[in-house]
Structures are given as structure tokens and as C-alpha cells.
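**Student:** Model the following, please.
(chains A and B)
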Protein chains: 2
Amino acid sequence: MTLSVDADRVLADLHELAAASGGEHAGAKRLAWSEGWSAARAWLLARLAEIEGVSVDRDEAGNLWAELPGDGSTDGFVIVGSHIDAVPSGGWLDGCLGLLAALEVVRTLAGAGAPPAVTVRLVDWADEEGARFGRSLVGSSAVAGTLDPDDVRGLRDAQGTTLQDAMASVDVDLDGAAAATSRLDGARAYLELHIEQGPVLLDSGRLASAVSGTFGDERYLIAFSGQSAHAGSTPMHLRRDTLAAAATAALEIREVGIRHGGVTTVGAITSQPAVITAIAGESELMLDLRHLDAEKLSTMLAECLDACERAAAAFDCSVAPRRVFGATPTPFHPKLIDIARAAVDAAGGGDGPPIPSGPLHDATEIGRLVPTVMLFAQSDPPISHTEVEDSPTEALRIAIAAYGATVGEAIALVAAGALEPIR
Amino acid sequence: MTLSVDADRVLADLHELAAASGGEHAGAKRLAWSEGWSAARAWLLARLAEIEGVSVDRDEAGNLWAELPGDGSTDGFVIVGSHIDAVPSGGWLDGCLGLLAALEVVRTLAGAGAPPAVTVRLVDWADEEGARFGRSLVGSSAVAGTLDPDDVRGLRDAQGTTLQDAMASVDVDLDGAAAATSRLDGARAYLELHIEQGPVLLDSGRLASAVSGTFGDERYLIAFSGQSAHAGSTPMHLRRDTLAAAATAALEIREVGIRHGGVTTVGAITSQPAVITAIAGESELMLDLRHLDAEKLSTMLAECLDACERAAAAFDCSVAPRRVFGATPTPFHPKLIDIARAAVDAAGGGDGPPIPSGPLHDATEIGRLVPTVMLFAQSDPPISHTEVEDSPTEALRIAIAAYGATVGEAIALVAAGALEPIR
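**Tutor:** The predicted structure follows:
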């Protein structure tokens, strides 16, 4: 079906929400589980209440759902949405853009005169950011069945409040959150619009794009041990210099990312004793590796660890890698990617290849279980998680229009039985 | 003249002093200007008082002097000595070895039956270590005329005491310290024994060596500025990664030291924001460069700064170097190096080339004004400034014997008018 949404209404909603929760470009005040977050949700509920035929409820993990029933011709439902929570002093688009575009989709469908061929559900995922307790994708991972309460029970915010208590403050029981997995029973597709939060579209002059998936991510802390010694009294050939080993590894790690078309980042090398007159006896390297292809990610990891081993050996040091995080890639659904790409082109964004997402999104969790696609609007400046986060208005218009059209096509695919479930 | 000292008396003195000021291998308690330091000096004064014909006084900078008059045949005097102060929990040899070997030289000369051909003065330099206020070579630089009271007036220790007040607590007036420069009037030679504090002699299997001079030293903090960005959303080719720039520079800097026969050290690279999921937008590199040859040191510095410029440019970053310390090299006197080398050989240490000193010593200050040489005893373990600092007894015996013989030859050279003054 052809679904034409009104981008201006989404922009108006975005500005209204920004003004209501922090002020325009003044830094969002919508930290998950906080009063600001509840207030933003109350604002969303008021908007949903304005749409005839939509019912609202909340699942066991604190995700907010709104349902617009279909005409009964097709089982199951299509999910649209994103998240209203934000990092402290976050931007006006991260999360909200996708959520309010989904609101506009529901509003447009509800006003179309006839129900859609399949039920549409809007979701506002709880605590996507993880900015308060360090665990992101809380609500979507509960729904996807990957949230173990025991893993997060002890997490505390800067004030010492536990995640469990913060959830309880809005009547969500951490130990009951797993029951929310039933929310995916009958889910036929998930579609999410987001800002890119990176420089790829800006650099290539594109205003919007289909997204091919979210990168898998491996994070390690790699400790090099050598011998601290006096910078003056120790000749070059008698050193066991861990900074030289770590620097060598860091540069090889960079080449691994380039070689395999992924991203490899050494964000810091922390050395001891960190005295200008002393050779570094200990150095710890922070490693983050991402790729959309699980096999290539695994190859990249092996090559990076091998580079660390060789660098350590070259400087007579030892090395000990420690894994601190891992996430498998989530490639999105090929048919949905194709329709999203065509929708961006039709909306005036031009025809360009889908780009991968470096950051994780709720679609990372859902995309493993339900046919999923994301669309990105260009970020300019190409940064996020700050109040200067922004996108050109034209990019937002095109992305919103393309998102609406993609949802319309997805509904049609589901109605035609042409979108196979993953599970 | 042939001067044969008794190494066993020096070893006995070293053990006695260690026991009296901290305990054997328990960490020296002789921090400059402290009660422990004054107590150690009182112990030294008691030893000097046992030697007939020796007079003692203290100069305006707090250095302790003892004089054994010569026979009047030759003007001027030869200086022997080192320092009794130590870093907190320091070793039993750093400073004391040279000072107590000088004590043994004076004791042996005083007991020889006839006065030496030239006056011999022993010196215990004040605050060589600079461990309390961060400024080393305080007493010797005052005598050399390179201590500007205004540069050090505001220095405070961890308790907030100023250097000026600490000096005043033992009746030394910082503003009067410059008068101590007269102590070098008539100085014909300066000879100092020390432990190596590094691995060169241990690595080459040598127990002792003449020292060719002390390295010049340049220290810089080099700031790289790029762009912090998300590790996942920023493709490799769009990064301005300061850690990659600094790592590239660090490895080139290492090659500069190897190429020129000096030492180049990057002790740490400190990056911001130092988050595993972020590209380093700022990185600061600690640089220490040393060489015995001033021209080569200057070339090394130019090459290192050039390497930083090129590395910054290669990663689209900017670079800002800031000089934090500089010291010119002090090559020792060729004739004195030759006699020290021969003396080490004659004492059983074998014939080996003089080695440079990476660390600074009081001889760095004095050697620019007075013909100077140092001798080193092997360090095993090859580290210092810790209570585990040590040297093989055989290395100490050979080094002490060679030092005594070198002083004897230096006296003979001075008496023969064969050692030209530097100034």
C-alpha cells in the first residue's frame, strides 16, 4: 500500500516534545526511569489519545505499546517505533525522530478511512540508552529474551540507586520482565527510523539511507607487561617497553579494520608508571571491533589478538587479553532493505547503497527474531549524544516520508504473505 | 701517585650507615633537609672527626666540605665526593657509595705519613635527589652558579613545606646560596664514584667502568588534537584519530634513538575521552630524549618533532609540542676518563669502553666547570631508587679500588701541571 505521511506534523511534534523536555537544543531531560522520562511518555500518551481507534498498554518490561487494529484479513502485526529516553543533555532527534515518525504512521493509517490490512503496533522501548545504569537496550532485550535479571540487578546509577529500584519506581518488576517476550508472538516486521549519528551520509552527500544491519561488536582490554626502567640509564636494546608494544599493536589493529571493511578502534593506551623519565612497564589497550558480518568480525578479532601477541613478543613483553563485551551482528531483512532503499529514492534521497549501523539499536535485538529494517537520516554535525546533535530539515523530511512509505510497503508484503518470519 | 684504598672499610661504613638510617635493605631514610638526613650527616661528621688533620665546614648552599691540606707544592685542590641524601625508601648505595669511597680516600691519604701533593677536599652535596621538592642537584648547581633562587622558591613538598623553609630549618638561606660558587675557585679536578643504576654493565658482564659523561636531556609534552567520535559510526577513512597519530610518532621516536645511539622514551600517551567506544580526540605524548653529544641531541630533537608533525598530518590532526625540561650534555675530561678506564682494568674490572650516564649527577653540574670523571659499579638488579637496589660485592670492591687509584693519578696529574682547567 502507498502510505504518505505528513513530515511537517512529525517536525512539529519533535519541536513540541523538545520544548517540553529540556528546551530546544538545550539538552534533553528524558533519562530512562526518571520523572522527565515519565513526563515525556505522558506527552506521548496524550498524542496517542488523540488518535481514534488506538488502544495503549505497557508490557512487563516497561515498554509502551499502542495498537491500531487491522481489518482482520491478515494475522499478526507490524511493529513501528523507537525510544523516547535520552542520554543526559542528549539531542532532540536520537530516539524521538523514530518514535514520532511511527506516531505519524499510526495517525495517518488511523485517518485513512479504512483499517490497514494488518494490525500495526507502535512501541516506545524502555531504556534504550542505558545511560543511567550502563546497560543499553533494556526493554527491547527483555522482549527479545536476552535480558538476564541477575546480570543487571546490581547495576547502580551515580546516586547509588539500583536499576531494579529505578524500574520499581515506575511499577516495573525486573524479575517479571521476561514475560514481555510474548509481545513478539505474531510480529511480522519491525521498522525503525533513526538519525545516523555518524558521518557516512554527510560525507557522501546523501540525506537518508536504508540501513543494512547493525554491526557485531567485540570489546577487549589488552594488558601488556614488560619492565619499567629509567629512561636515561636503559639503552634501547635492553628495554621491555610496553608502550612501544601497544603502539605497534594499535597501528596493526587499525589496518585490520581497513582490510576487512569493518571498524577497529583503540580509544586509549593507559601506561604505568606514566612518568616522563620512565619506560612504561605496564600498558593497557582498549580495543573495540565492529563488523556487519559475523565471520569477518571473528577473523578481525583473531587478527587483532595475533597482532597483540606479535607486538608483545617483538618488545619482549607478555600480553593478556580480557573480553569485556560481545554482540553478534544483526543483518536486516533483505526484502525490507530493498523497499527502504527504493522508498528513500522515491522520497528524493537518491538511490544509494544501504549503510551499516555502528551503534547498537533496539532493532539489533528485534532484528534477530523478526524481519527488520532501519532507515537513517543524515546527521550534521555527524555526532550525537549531545545537545548540538542535528540533521538538515530536508534530510528529516525525506527520511520521514521514506519511513512512512516503507511501512506501507511492509504492510503490503505481510498482507501478501511475502515476508517470511525468521522464527 | 699510587693510592690503594681499603674497600672493606668502605663496605663496613656503607653497612653501618644503612643500619643507622633506615636499616639494611629496608629503604633509606635520608630525605634531603629532613631529620634523617641531618642524622646521617652527623654520622659522617663523626667519621671525619676520626681522621687527623681534616677540617670540616659547610658552604652557603648547605654542602658539607672536609679538607685535607696538601704539602703546599701545588695550588688549588682536588674534589672527591657524592651525596648522602636519598629518595624515600631508597637504596643503600645511591650516593653513599661515592661519598664513603671519598671518605676512604681522605682517610688513606691522611694516614699515608706525608701530606698529598695537592689539597684534597671531600664534598657531600646537598639535595642531589630532588625527591622532596622536584628539583635535583640543588647543592651542586648552587656551587656551579646555575641555581636561580626564584626558580625554586615556590617549590613545596607533599606536606606543603617550601624548599626555602626546609633549607632554613637547617640554617641554609636560599638567597645566600649563590655565594657557594666560590667553592670552585682553585678546583683542579672532581672525581665521583656511583652505581650505574642501569643495565649496561650487567648486560655486558662488566663489574665497573669509567663514565664518559652525562647525557643531555630534552623533555616535551606533545599534544595531538583531532576529533573524538563514535567507534561504531565513524568509518576508518573519516577519522581524525589522535591515538593513531601519537602511536605512529612514538614508534618513529624510538627509531630516532636507535639511529643516533641515544635514548628516546615515550613513557605514556594519555588520551581523551579514554572510552572504549570512542575515538581519541586528544592525546598527549610524554617525550624524553638523551644523548652525550649536544649536536646529536639537537638532531634527535628535530627528528622527533618532525616525526610528530608528520604523524599528526597523516591522521588529519594538529600537534603542539611544549618543552618542560632541558639539560645540555656534560662530557667528562678525556685524560681523567683514560686514567679511570686504566684503573678499572688494573683493579680487575677488565678493559672496556667508558659508558655514558643516562641519569644526571652532581658531576653533571661540576663537570662543565672543572675537569671531572665518574666511575660506575655494576647494578644488579639494574634498578635504583628502591630498597632492592644492589651491586655484587666484587663489583663494589673493584669500583672502590679503581676510584682510589684514579684519585691518586689525578692528584699526580694536577701536581705535574698536566690537567688544564676548563675555565
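**Student:** alpha carbons only for contacts and neighbour counts from here, please
**Tutor:** OK.
**Student:** helix/strand/coil for the closest residue to chain B within the stretch 51-200 of chain A?
**Tutor:** Taking C-alpha to the nearest C-alpha, chain B has its nearest neighbour within the stretch 51-200 of chain A at residue A:198, 4.7 Å off. Applying DSSP: H, G, I helix; E, B strand; the rest coil to residue A:198 yields a three-state assignment of coil.
**Student:** which residues does it contact?
**Tutor:** Taking C-alpha atoms under 8 Å, 6 or more residues apart in numbering or on different chains, we find residue A:198 in contact with A:379, A:382, A:383, A:384, B:230, B:233, B:234.
**Student:** cool, and residue A:422?
**Tutor:** With C-alpha under 8 Å, 6+ apart, residue A:422 has these contacts: A:368, A:369, A:370, A:371.
**Student:** Check residue A:114 too.
**Tutor:** So residue A:114 contacts residue A:71 (C-alpha under 8 Å, 6+ apart).
**Student:** which parts of stretch A:351-364 are buried?
**Tutor:** Going by neighbour count (16 or more other C-alpha atoms under 10 Å in any protein chain shown), the buried part of stretch A:351-364 is A:351-352, A:354-364.
**Student:** May I have it as PDB, with CA atoms only?
**Tutor:** Extracted C-alpha coordinates of stretch A:351-364, given in PDB (Å, rounded to 0.1, in the frame of the first residue of the first chain):
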ATOM      1  CA  ASP A 351      19.500   5.800  -4.800                       C
ATOM      2  CA  GLY A 352      22.400   4.700  -2.700                       C
ATOM      3  CA  PRO A 353      23.600   1.500  -1.100                       C
ATOM      4  CA  PRO A 354      22.300   0.700   2.400                       C
ATOM      5  CA  ILE A 355      24.800   1.600   5.100                       C
ATOM      6  CA  PRO A 356      25.600  -0.400   8.200                       C
ATOM      7  CA  SER A 357      25.000   1.000  11.700                       C
ATOM      8  CA  GLY A 358      27.900   1.100  14.000                       C
ATOM      9  CA  PRO A 359      25.900   1.900  17.100                       C
ATOM     10  CA  LEU A 360      23.500  -0.700  18.500                       C
ATOM     11  CA  HIS A 361      19.800   0.000  18.400                       C
ATOM     12  CA  ASP A 362      16.600  -1.700  19.600                       C
ATOM     13  CA  ALA A 363      16.500  -3.100  16.100                       C
ATOM     14  CA  THR A 364      19.600  -5.100  16.900                       C
END
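**Student:** now the helices for chain A?
**Tutor:** Counting by DSSP state H, chain A has these helices, from start to end: A:7-20, A:35-49, A:96-110, A:138-144, A:149-152, A:163-168, A:200-204, A:242-260, A:294-314, A:334-344, A:362-366, A:393-415.
**Student:** what about the second one, distance to the chain center?
**Tutor:** What it means is helix A:35-49. Remark: helix A:35-49 is offset 22 Å from the chain centroid, using C-alpha atoms, centre = their mean, to the nearest Å.
**Student:** same question, the fifth one
**Tutor:** Its chain's average C-alpha position is 21 Å from that of helix A:149-152, according to C-alpha atoms, centre = their mean.
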